[in-house]
Each structure stands twice: as structure tokens, then as C-alpha cells.
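Participant: All I have is the shape, not the residue letters:
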Ligand SMILES: CC/C=C\C/C=C\C/C=C\C/C=C\C/C=C\C/C=C\CC/C=C/C(=O)SCCNC(=O)CCNC(=O)[C@H](O)C(C)(C)COP(=O)(O)OP(=O)(O)OC[C@H]1O[C@@H](n2cnc3c(N)ncnc32)[C@H](O)[C@@H]1OP(=O)(O)O
Ligand SMILES: Cc1cc2nc3c(=O)[nH]c(=O)nc-3n(C[C@H](O)[C@H](O)[C@H](O)COP(=O)(O)OP(=O)(O)OC[C@H]3O[C@@H](n4cnc5c(N)ncnc54)[C@H](O)[C@@H]3O)c2cc1C
């Protein structure tokens with residue numbers, strides 16, 4: 001036991017940089033680090049936030065436990081008079097999916113984004129004080145991705161000055177909204193607005209669905225939970241629900257009227273803001289999900305890295321730091337490094353691109369407030385594309401981390417199965433990842449077509465202004481070290497991205513209609529969108545390194561991580577880089593050489609690099625990822641805690657095992 005604890009300490013002593021300074025870089029600022037660190041410790045030390053029994057609870061127990069925690073969170077927020085920032089850290093570290101995620105993450109933002117000032121003044125105080133609990137009811141049984149296909153209707157009745165909300169078909173039942181099944185009192189419901197006999201498409205409406213006195217559904221409302229979801233624990237603590245309306249009436253002023261409104265006379269009036277703002281809550285949540293992706297991936301990487309340093313298998317006998325003969329740490333196998341280190345690098349890359357995306361979103365909001373809508377298309381493309389790219393990579397990465405931990409990774413106590421089950425739906429919710437990439441490709445094709453009109457591409461598409469150069473340039477790498485030059489990397493990624501996009505644009509012209517072309521070429525368009533999004537991540541990582549980064553050795557570690565992130569992408573997408581002529585086969589081979597050498601350079605720092613995430617053992621929730629590396633005794637201890645071990649002889653022995661054994665014995669005697 002002692003040896004293993006010493007082992008991680010030895011790993012930490014090998015770090016070539018200041019972990020404390022890296023913690024600040026990871027957190028984003030000294031202030032963010034201090035607040036999050038304080039709240040993380042507060043949560044970890046409070047028995048009310050225990051979560052180690054989650055996997056063995058039944059659905060009902062799990063749900064009730066999540067309700068209890070959500071109420072306790074609210075109590076602590078008020079008792080401690082936490083600021084909004086501290087409160088969101090508290091919810092984050094409690095790490096229990098519950099209705100509050102949707103209430104704060106979608107219901108409140110939808111009101112802020114789509115309601116008029118007057119409506120906000122009425123509804124936001126109620127929501128902010130949790131006098132009402134809200135959900136976001138968009139998706140239906142029959143349509144999720146195709147928002148324009150939603151069937152729920154909101155028909156204006158001029159006589160009573162009300163909207164009648166109705167579910168005309170089974171497929172129009174709302175299906176999936178979190179917190180809807182058993183908790184929410186109100187919902188932002190997306191429905192087709194019909195007035196004067198005309199259908200004006202999907203709009204948002206604020207609808208009360210349960211009584212604030214006895215919690216029963218209001219007349220005309222049928223509501224319930226949609227059932228168990230994948231994995232133990234994970235999303236089963238939350239009540240994703242179904243909802244049907246039978247001619248439910250709401251006052252006219254509960255239509256969210258920032259984008260358009262209906263007058264007392266039933267006239268539909270558009271405001272001067274773009275219709276797409278109706279989808280504003282999705283833009284907001286997608287940028288949050290990019291930050292979630294870096295957190296979920298970094299959690300998994302932290303577990304797999306610490307465990308890989310503790311675990312030993314095979315190998316020529318080594319001497320450890322105390323001169324004892326030991327087997328090889330699995331982290332020293334090159335295959336383990338080539339699977340794990342790119343994931344560590346990705347966690348950092350996603351953190352930085354998430355930080356940038358948050359800036360982009362804040363900038364968008366400021367512009368929208370000044371009636372400047374010019375950056376909305378780019379913000380939509382970036383949030384959609386990066387949400388897709390980072391969640392797909394993080395979900396795959398978590399699964400890889402579990403396999404990197406061998407058999408023990410499959411145990412609930414490793415924390416990895418639940419993390420995977422909780423995160424994998426991020427590839428679907430807030431927009432299916434493929435559907436979102438197709439949105440990005442649409443944006444790219446539009447940008448390319450506008451190049452011919454002389455319109456200058458801006459922001460993340462600014463590189464497209466150099467299309468002529470990027471289409472014909474040749475990569476200058478001649479030796480492996482050349483791959484350490486950021487401008488060489490950047491140009492290779494820009495060349496690959498634009499060549500894939502231009503090829504799609506040219507091929508699209510060969511079809512009878514753009515629609516047909518888009519449909520036939522959609523796999524290629526998705527690849528072009530991925531290339532563009534990877535370029536954004538790469539360029540934001542490189543930009544981060546150009547900032548003033550303090551701390552002993554910190555910048556050097558980030559440079560190595562950036563190199564690994566980029567070179568591994570080249571390695572994984574070699575087909576793209578070679579087929580577009582962005583690099584040559586010889587240069588690809590030099591990139592692989594450089595990648596291997598970066599792994600060796602990173603090796604002694606990896607434990608410190610995951611320590612820099614500053615995750616408490618409570619938050620990690622993993623025996624394999626414990627800070628002290630004391631894995632085996634704790635695994636044994638955890639095993640004893642399983643309810644099956646409550647009794648020596650299992651329940652069912654007398655009914656099913658003993659008679660069987662006796663029968664066999666009798667048969668043998670006959
Ligand atoms: C127990 C816990 C244990 C452990 C925990 C451990 C770990 C936890 C780990 C992770 C979990 C972490 C966090 C979880 C937190 C919260 C999660 C909780 C719940 C999830 C909540 C989910 C909510 C939802 O899913 S809500 C529903 C979302 N739905 C969608 O996203 C639908 C997707 N579809 C669309 O967006 C659209 O329909 C469309 C695909 C865009 C197509 O629409 P349409 O046909 O109308 O559009 P066009 O293509 O014609 O485009 C028209 C035009 O508009 C532009 N456009 C489109 N969208 C937008 C937009 N959003 N903003 C701006 N502009 C937009 C488009 O580009 C076109 O423009 P042009 O005409 O110029 O081309
Ligand atoms: C855990 C979880 C929580 C959720 N929470 C909420 C919530 O709070 N509120 C809410 O309103 N919704 C919620 N949702 C619903 C979610 O937003 C939708 O499931 C999501 O938008 C995907 O839509 P879909 O299910 O209709 O998938 P579909 O669109 O039916 O996708 C099925 C398949 O078809 C493909 N596909 C679809 N369209 C195209 C196309 N045009 N081109 C190519 N391929 C296509 C997809 O790639 C996918 O492979 C939640 C979902 C989950 C899993």
C-alpha cells in the first residue's frame with residue numbers, strides 16, 4: 001500500500017513545471033481558480049453531497065436522492081448567501097443531474113433570450129427564486145432535429161385573447177424535456193403559431209403545466225416520465241418527460257414576444273430582430289456544452305492517467321525509486337501513451353476553445369443588444385460545430401479511458417461507466433452531432449460562394465480570404481523539428497480545410513439542384529465541416545500560447561500538448577491531408593516521428609498535468625483516479641460495500657441454489 005502511495009508522489013516529483021500556476025491557466029484566472037477551489041472543497045466535505053452509492057440505488061431512490069440534493073443545494077446557496085458565480089460552481093461540483101440543470105440552463109436562458117422586457121420582469125423573479133420550476137419543451141415524439149416539423153399548435157382565439165395549446169397527434173407529444181416528467185411547474189413550449197387561419201411556424205410559449213398548490217397536472221395536461229435511460233445512475237436521476245395538451249388555454253401575453261408578436265386583433269407582427277433568435281437558447285447551451293466536454297474528458301483522463309501510473313504489468317524487472325524490483329508501469333508502454341496522451345492534450349485544447357467560445361458568445365450578446373446581428377451566423381456555426389466536434393471526441397475519449405484501465409475500468413467504482421453514460425447523450429441533445437455539422441457545412445458553402453462576390457470572410461473563416469494561396473501552397477516541412485513551428489501546422493490545417501470545402505463547393509455545382517447536391521454529398525460536407533472545426537481548435541490553442549503565460553515551465557508543457565493535439569489529428573486524418581496534397585507522405589512520416597518524441601517529452605509531467613485540473617476525489621468519484629494512488633486496498637474496500645456482500649449466504653440460496661445442489665447430490669447417490 002505504502003509503495004503505491006509513494007509511487008504517485010514520485011511521479012509528482014518529476015514534473016518540470018509549476019502545477020499551481022497551471023491550475024490557474026486551467027481555471028481561466030486566479031479568481032476563477034480560487035472560487036472553484038473553495039466551492040469544490042466545501043462540497044467534498046459536506047456529507048449531504050455524498051454520491052458514492054449512486055450506482056446501487058433503484059430508479060425511484062436515485063430520483064428522490066437527486067431531489068433531496070437539489071433542495072439541499074438551494075438551501076446552502078441561500079444560507080451561505082452565495083453569488084451567482086459561486087452558486088453555479090456549487091451545482092457543478094455536486095455533480096448530480098437534476099431538474100435544476102434545465103431550469104437554470106435552458107428555461108431561464110430561453111426567457112432571457114426570447115421574452116420581451118415586460119415579460120422578463122414578470123417571469124424571471126419567479127424563476128430566479130424557484131417559485132416556479134421550468135423546463136424546455138421543444139422536442140416531440142416525432143421530431144427533434146427538424147424543429148420546423150414540430151406539430152404542437154398554439155391557435156389564437158381572438159374572442160378570449162388566449163392561445164389554445166394542443167397536441168393534435170401522438171407524434172406531437174413533447175418527449176425528452178428534462179425535469180418535465182415529475183417536477184416542472186412551467187414549460188417553455190415550442191408550438192406552431194396559428195392566427196387568422198394562417199400557420200406562422202414554430203414559436204415559444206410559456207405554459208403552466210402543474211398546480212402550484214398540489215402539483216397535480218392542470219386540466220387538459222397529460223404528463224409523465226419517459227422511462228429508464230442508458231446506464232446505472234447517470235441520466236436516470238433526472239425525469240425526462242412526455243407532455244400532451246388537450247386544448248389548454250394560456251393568455252396571449254404568454255407567447256414569448258421578443259422576435260414577433262400577435263396583437264389583440266390577432267395580427268402577426270414581426271420585430272426587426274432575425275427569426276433565428278428564437279433558437280437563441282440553443283446557441284447559449286451549445287457553448288456551455290463545449291466547456292462540459294473538456295470537463296468530462298479531463299475527468300476521464302485524470303482517472304486513466306493516475307491509474308496507468310499505479311498499474312504495473314509485465315516488462316523487464318525495473319528498480320523503483322527505493323531500489324526494489326518491480327514490473328513496468330503501464331503508462332510506460334508506448335501504445336498506452338499513444339492512446340492516452342492525445343486525450344490529455346484534447347482536454348486542454350477543448351478547455352481553451354471553450355474559453356474562446358464563451359468570449360465569442362458574450363461578444364454576440366453585446367452586439368445583439370446594440371441591434372448588430374452581423375456575427376449571429378458565425379456564432380451559430382461555431383457553437384454548433386464545436387459542440388459536435390468536442391462532444392463526439394469526449395464521448396469516444398471517455399470510452400477509451402475506460403479501456404485504458406483494463407478490467408477495473410469496467411467497475412462502477414472506477415467512475416468511468418457512469419461518466420460515459422452521463423456524457424454520451426451530449427452527442428445527441430442540443431442538436432444531433434451530424435445534423436449540426438451539416439449546419440456548419442451550409443455556412444461554409446455560403447462563405448465560399450460569397451468569396452466570388454468580393455465579400456470578405458471574417459472571424460473563423462478569415463483564412464478563406466487566402467483561398468488562392470491555400471489551394472496551391474506546399475507544406476515546407478523537411479525534418480521532424482519543422483513540425484514544431486506553429487505557422488507550419490496552421491497552414492497545413494488551413495490548406496486541408498479549404499481544399500475539402502472548395503472540392504465540395506465544386507462538386508455541388510454538378511447536381512441538378514443544390515438540395516440534391518447537399519443530400520448526395522452530405523458525407524463529404526460533414527468531413528469538410530470537421531476539418532474546419534478542428535482548424536478552429538488548433539488555431540485557438542496556438543493563439544493561447546501567444547498570450548503572456550506565466551509560471552515556471554507552464555508554457556513549455558502547453559506547447560508540447562498543443563503539438564501532440566495537432567500532430568495526432570494529422571495522424572488520425574492522414575487520408576484528408578494526403579488526398580488534398582496538404583502534406584506529402586514523407587512529411588506525414590516526419591509528423592509521426594515528431595509525435596513519438598513529444599510523447600517521451602510529456603511522460604514525466606503527465607501526473608502533474610492531470611493534478612492541474614484540481615479535481616477533488618469527491619468530484620472524480622473514482623477509486624482508480626484517487627489522488628493518493630491507493631487503488632488496490634480501496635477497490636477491495638469498495639467491493640465489500642456492495643449490497644450483495646451484506647449477507648454471507650445470498651438471498652435466494654434457500655429457494656434456488658440449495659434445492660438444486662440437493663437434487664444433484666441425490667441423483668449422484670442413486
Ligand atoms: C448523475 C450524474 C453523474 C455523473 C455526471 C457526470 C458527468 C456529467 C457529464 C456531463 C453532463 C454535463 C452537463 C449536462 C448538462 C446539461 C444537460 C442536461 C440536459 C440537456 C438538455 C437538452 C436540451 C435539448 O436537447 S433542447 C432541444 C435541442 N434541439 C435541437 O438542438 C434541435 C436541432 N435542430 C436545429 O437546431 C434546427 O432545426 C436546424 C438543424 C438548425 C434546422 O432548422 P431549420 O430547418 O429551421 O433551419 P435551416 O437549416 O433552414 O436554417 C435556417 C437559418 O437559420 C440558421 N440557424 C439555424 N439554427 C440557428 C441558431 N441556433 N442560431 C442562429 N441561426 C440559426 C441557419 O444557419 C440558416 O441560416 P441561413 O438561412 O443564413 O443559411
Ligand atoms: C438525455 C437527453 C436529454 C434531452 N433533453 C431535452 C430537453 O430538455 N428538451 C428538449 O426539447 N429536447 C431534449 N432532448 C431531445 C434532443 O434535443 C433530441 O433528441 C435531439 O435534438 C436529436 O433529435 P432526434 O432525437 O429527433 O434525432 P433524429 O433527428 O431522429 O436523429 C436520428 C438519426 O437521423 C440522423 N439525421 C436526422 N436528420 C438528418 C439530416 N437532415 N441529415 C442527415 N442525418 C440526419 C441523425 O444524425 C441520427 O443519426 C434530449 C435528448 C436526450 C438524449
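Facilitator: That came through fine. All figures in this text were calculated on a predicted structure; none of them were measured in a lab. Numbering: from 1, shown residues only. Ligands and ions are numbered 1, 2, ... in the order given.
Participant: Find the closest residue to ligand 2 in the stretch 1-150 of the chain.
Facilitator: Residue nearest to ligand 2 within the stretch 1-150 of the chain: residue 144 (2.3 Å; CB to the nearest ligand atom). The way it works is simple: take the backbone N, C-alpha and C, and place the C-beta from them, glycine included.
Participant: what ranges do the helices span in the stretch 251-400 of the chain?
Facilitator: Ranges of helices in the stretch 251-400 of the chain, per DSSP state H, counting those that start in this stretch, are 280-310, 334-369, 376-404.
Participant: In TSV, list those along with distance to residue 575 and mean neighbour count.
Facilitator: Below are those laid out as TSV (distance: least, CB to CB, whole Å; neighbours: other CB atoms under 10 Å):
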stretch	distance to residue 575	mean neighbour count
helix 280-310	24	25
helix 334-369	18	20
helix 376-404	18	24
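Participant: do you know which of those helices lies nearest residue 92?
Facilitator: With distances scored as CB to CB, the stretch of the helices of the stretch 251-400 of the chain nearest to residue 92 is helix 280-310 (8.2 Å).
Participant: what about that closest one, average pLDDT?
Facilitator: Throughout helix 280-310, pLDDT has a mean value of 96.
Participant: now do stretch 355-362
Facilitator: 97.
Participant: Just give me how far it sits from the chain centre.
Facilitator: 15 Å (CA atoms, centre = their mean, to the nearest Å).
Participant: quick one: contacts of that stretch?
Facilitator: 28, 283-284, 287, 290-291, 375, 378-379, 382-383, 386, 540, 543 (CB atoms under 8 Å, 6 or more residues apart in numbering).
Participant: any idea which of these is closest to ligand 1?
Facilitator: For the contacts of stretch 355-362, the nearest to ligand 1 is residue 283 (4.9 Å; CB to the nearest ligand atom).
Participant: residues in contact with the residue nearest to that closest one when sequence neighbours are not counted?
Facilitator: Leaving aside its sequence neighbours, residue 283 sits nearest to residue 383 (CB to CB, 6 or more residues apart in numbering; 5.0 Å). Residue 383 makes contact with 282-283, 286-287, 290, 357, 361 under the criterion CB under 8 Å, 6+ apart.
Participant: again, only this time at 6 Å
Facilitator: 283, 286-287 (CB atoms under 6 Å, 6 or more residues apart in numbering).
Participant: can you list the residues of the stretch 151-300 of the chain near ligand 2?
Facilitator: 176-178, 235, 240 (CB under 6 Å from any ligand atom).
Participant: Got a quick ChimeraX command for the buried subset of these?
Facilitator: Only the buried entries of those go into this ChimeraX selection, using 16 or more other CB atoms under 10 Å:
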select :176,177,178,235,240
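Participant: Next one, pLDDT for the residue in the stretch 501-650 of the chain that ligand 1 sits nearest to please.
Facilitator: Among the residues of the stretch 501-650 of the chain, residue 621 lies closest to ligand 1, at 7.5 Å counting by CB to the nearest ligand atom. Per-residue pLDDT puts residue 621 at 97.
Participant: Counting neighbours, what do you get for it?
Facilitator: 24 (other CB atoms under 10 Å).
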